[in-house]
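Undergrad: need a structure here:
(chains A and B)
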There are 2 protein chains.
Amino acid sequence: MTDRKSQQKFECACIIGVGLIGSSMALAMRHRSLARKIIGVDRDENVLARAEKLGVIDQSETSLEKGAAGADLIILSTPVGAMADVCEMLSDAAPDGALIIDVGSVKGVVAKAGAALPERLHFVPSHPVAGTEQSGPEAGFATLFENRWCILTPLARKDEAYKSAINKAEELWTGVGALVEVMDAEHHDLALAVTSHLPHLIAFTLVGAADDVESVAHGEVIKYSAGGFRDFTRIAASDPIMWRDVFLSNKEAVLEVLGRFSEELAVMQRAIRWGDGKALEDAFARGRALRRAIVDAGQETEKPNFGRDKKPEN
Amino acid sequence: MTDRKSQQKFECACIIGVGLIGSSMALAMRHRSLARKIIGVDRDENVLARAEKLGVIDQSETSLEKGAAGADLIILSTPVGAMADVCEMLSDAAPDGALIIDVGSVKGVVAKAGAALPERLHFVPSHPVAGTEQSGPEAGFATLFENRWCILTPLARKDEAYKSAINKAEELWTGVGALVEVMDAEHHDLALAVTSHLPHLIAFTLVGAADDVESVAHGEVIKYSAGGFRDFTRIAASDPIMWRDVFLSNKEAVLEVLGRFSEELAVMQRAIRWGDGKALEDAFARGRALRRAIVDAGQETEKPNFGRDKKPEN
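TA: Prediction:
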């Protein structure tokens, strides 16, 4: 664990939604000493009790108003669909000058909710491209953001206070180990539709379709999953509510890239039907280079099978 | 590594095609002392030299006839498209009573090629449902088959010599650590279309489609791949020739399950277009249970992100 100390510290961070990302943020900030105190806010008291017991947060609040009252940093880590309501509550409840960030996978709708906040509050939409298929405070860990990209999509505000807030947000993210990129929300939503939303949709769909071929038993799908299917089940095991909200909130971009995928799939289907081996081979040959590039960029392990199988020295 | 000794030993095993699976078979047999001598046959002299240097095989032959001449066990580990030709050569070259197995991912076409062999040879089509995205003799390892299923699809022969060959094949596979299942070739090809062939096709297709959205840069696809896309690149990095042959050889079953997938995808597309959150949530909720079942069946790791990310104790 790097022992880097950030120059920016917060007095009191309020984390709204203490799930995988919220608790990872809390732990990462704690390990880097980025906040003097961390308050967790959640509608679910049980989640709060578990998070407090795990040492993820210092204090629990079911009331967003109370939790946010003394915070100079507010982190929205609820599903995307809840963020407009949370922003509305914060417009009164959050103290002057508070930095507000979110961690949502869609930025257009979040930026719109953030733009409705009063100017005394500084909302910098953020998306750390990191996560696992697990949920809840137990799933959080301090190094989740290390060497992962975090995309900021700042609002269209040019005042100095807001510029300073963008800098603070950037320092916070680099403080927890992330690499920061800034772009507009619309481009984010298209790029992430490609690298995250469509892959999740495809994985969810494949898992459903596989289990519906009635002449192949459920048990067979499980037994022979090491042939490739199991890879898809990881992201298909992600939180259903979170992903429902992503697709509802990024409809246009997802439908656009889904259209591209369906076209490509039709081309593959025809190549198989016609026995066009050359077309298949050429299409398949692209995979290795792209994976190599992802490994070289530090975004993936180079171990075969993701390193999950035991492979002794021969 | 288990120190189990099989009751069945072979004098001389001839492995035709010394890639990932062929060399893993050689290493697994060596570690379990299942063959006194292992001859590697490959068209590529460079592959043979590397395999011999790595200690995977005892002897190299570019001539299939010479390699097979003294073998009591012949293992076909070429791409599926080459197996009919190899079988034709073996019908003269293989010695009386030899047990022949293959390791191909499609069984219908292989069984057909095997059925054309003279009765003095005993061909038991086999498919170990195991592998990695890597290729070549360097990629092989002795424990690849441990706790993975191997499916046998015996020919329609009822003679005692053939029954005994099926037993020998089963002992060989359990000897290298696999779990054995017997079924007919047609059912195999449908079940594996679901759990292996379709997932590979989808992954290859997604990788191609992602790189073709011209308003999203290649570099962005790489940087933000941790959002889910990178999972697909593993199997999309598999050997293009091997997979070309799989799709050409299992056309009907692949097109059948692809049809199911496309239907399901259209349902998802409509749910997104109509904003039907309930339908999405219900569909997505299936993923966790199926993954849990695969983990419980010992076919997958339960570590988040396949265990590939570092996760220290918090």
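
Undergrad: Output the below-cut-off pLDDT ranges for chain A.
TA: A:1-8, A:310-314 (pLDDT under 70).

Undergrad: let's see 90
TA: A:1-9, A:211-215, A:308-314 (pLDDT under 90).

Undergrad: these two touch, right, A:T132 and B:G307?
TA: No: under the criterion of CB atoms under 8 Å, A:T132 is not in contact with B:G307, lying 10.2 Å apart. In this view, the C-beta of every residue, glycine as well, is placed from N, C-alpha and C.

Undergrad: who's more crowded, these two?
TA: A:T132 (22 against 15; other CB atoms under 10 Å in any protein chain shown).

Undergrad: For A:C12, give the beta-bridge partners.
TA: A:K37 (DSSP bridges).

Undergrad: Give me the neighbour count for it.
TA: Counted with other CB under 10 Å, A:C12 comes out at 21.

Undergrad: Look up how far chain B lies from it.
TA: 21 Å (CB to the nearest CB, to the nearest Å).

Undergrad: again, but for A:A178
TA: Counting by CB to the nearest CB, the gap from A:A178 to chain B is 11 Å.

Undergrad: Repeat that for A:I16.
TA: A:I16 is 21 Å from chain B, by CB to the nearest CB.

Undergrad: ok, now which ones touch the residue lying closest to that residue once chain neighbours are set aside?
TA: Leaving out its chain neighbours, the residue that sits closest to A:I16 by CB to CB, 6 or more residues apart in numbering or on different chains is A:V41, at 4.6 Å. By CB atoms under 8 Å, 6 or more residues apart in numbering or on different chains, A:V41 lies in contact with A:14-18, A:48, A:60-64, A:67-68.

Undergrad: Export the residues you listed as a markdown table, with columns for neighbour count and distance to A:I151.
TA: Below are these laid out as a markdown table (neighbours: other CB atoms under 10 Å in any protein chain shown; distance: CB to CB, whole Å):
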| residue | neighbour count | distance to A:I151 |
| --- | --- | --- |
| A:C14 | 31 | 22 |
| A:I15 | 29 | 20 |
| A:I16 | 27 | 20 |
| A:G17 | 25 | 19 |
| A:V18 | 30 | 23 |
| A:L48 | 22 | 29 |
| A:S60 | 17 | 30 |
| A:E61 | 18 | 29 |
| A:T62 | 14 | 31 |
| A:S63 | 11 | 31 |
| A:L64 | 20 | 25 |
| A:G67 | 22 | 26 |
| A:A68 | 24 | 24 |
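
Undergrad: Can you flag which of the residues you listed belong to strands?
TA: Among these, DSSP state E puts A:C14, A:I15, A:I16, A:S60, A:E61 in strands.

Undergrad: What is the nearest of those to B:S23?
TA: B:S23 lies nearest to A:I15 out of the ones in strands among the contacts of A:V41, by CB to CB, at 50.5 Å.

Undergrad: Please give me every residue in contact with A:L258.
TA: When contacts are counted by CB under 8 Å, 6+ apart, A:L258 touches A:L198, A:L201, B:L265, B:Q269, B:I272.

Undergrad: Name the helix or strand for it, please.
TA: helix A:251-274 (DSSP states H and E).

Undergrad: Just the angle for that helix relative to helix B:251-274, thanks.
TA: 170 degrees (axes from the mean of the first three to the mean of the last three CA atoms, to 10 degrees).

Undergrad: centre of the chain versus helix A:251-274, how much separation?
TA: Relative to its chain's centre, helix A:251-274 lies at 25 Å (CA atoms, centre = their mean, to the nearest Å).

Undergrad: And for stretch A:100-116?
TA: On CA atoms, centre = their mean, the centre of stretch A:100-116 falls 13 Å from that of its chain.

Undergrad: repeat for stretch A:297-314
TA: 24 Å.

Undergrad: Chain neighbours aside, what residue packs nearest to A:R157?
TA: A:R157 sits nearest to A:E119 (CB to CB, 6+ apart), 7.5 Å away.

Undergrad: ok, the one you found - contacts?
TA: Counting by CB under 8 Å, 6+ apart, the residues that A:E119 touches are A:R157, A:D159, A:A161.

Undergrad: let's see it at 10 Å
TA: A:R157, A:D159, A:A161, A:Y162 (CB atoms under 10 Å, 6 or more residues apart in numbering or on different chains).

Undergrad: Which strand or helix spans the residue lying closest to the second one once chain neighbours are set aside?
TA: Spatial nearest neighbour of A:D159, chain neighbours left out: A:E119 (7.3 Å); criterion: CB to CB, 6+ apart. Assigned by DSSP H and E, A:E119 belongs to no helix or strand.

Undergrad: where exactly do the strands run in chain A?
TA: Counting by DSSP E, the strands of chain A are A:10-16, A:35-41, A:59-61, A:73-76, A:99-102, A:122-124, A:126-128, A:149-152, A:179-182.

Undergrad: Mind putting those into a markdown table with distance to B:G259?
TA: Shown next, in a markdown table, are the strands of chain A (distance: least, CB to CB, whole Å):
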| stretch | distance to B:G259 |
| --- | --- |
| strand A:10-16 | 44 |
| strand A:35-41 | 47 |
| strand A:59-61 | 51 |
| strand A:73-76 | 42 |
| strand A:99-102 | 40 |
| strand A:122-124 | 46 |
| strand A:126-128 | 36 |
| strand A:149-152 | 37 |
| strand A:179-182 | 40 |
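
Undergrad: on that earlier part again, can you name the two of the contacts of A:E119 that are farthest apart?
TA: A:R157 and A:A161 (8.5 Å).

Undergrad: residues shared between the contacts of those two?
TA: A:E119, A:H122.

Undergrad: Pick out whichever of the two has more residues nearby.
TA: A:R157 (16 against 12).

Undergrad: I'd say the more buried one and A:A111 touch.
TA: No: here A:R157 lies out of contact with A:A111, judged by CB atoms under 10 Å, at a distance of 11.0 Å.

Undergrad: joint contacts of those two?
TA: By CB under 10 Å, 6+ apart, the residues touching both A:R157 and A:A111 are A:F123, A:V124.

Undergrad: Contact partners for the closest residue to A:V124 other than its chain neighbours?
TA: Excluding the flanking residues, the one nearest A:V124 by CB to CB, 6+ apart is A:A169, at 4.0 Å. Residues near A:A169 by CB under 10 Å, 6+ apart: A:8, A:73, A:99-101, A:122-126, A:150, A:152, A:154, A:180, A:182.

Undergrad: From B:V41, how far off is A:A169?
TA: 61 Å (CB to CB, to the nearest Å).

Undergrad: before we move on, what about A:W243?
TA: 49 Å.

Undergrad: Check A:G55 too.
TA: 60 Å.

Undergrad: Near the nearest residue to A:I101 once chain neighbours are set aside, how many other residues are there?
TA: Nearest non-adjacent residue to A:I101, counting by CB to CB, 6+ apart: A:S126, 4.6 Å away. A:S126 has 25 neighbouring residues, counting by other CB under 10 Å.

Undergrad: Repeat that for A:G55.
TA: Count around A:G55 with other CB under 10 Å applied: 11.
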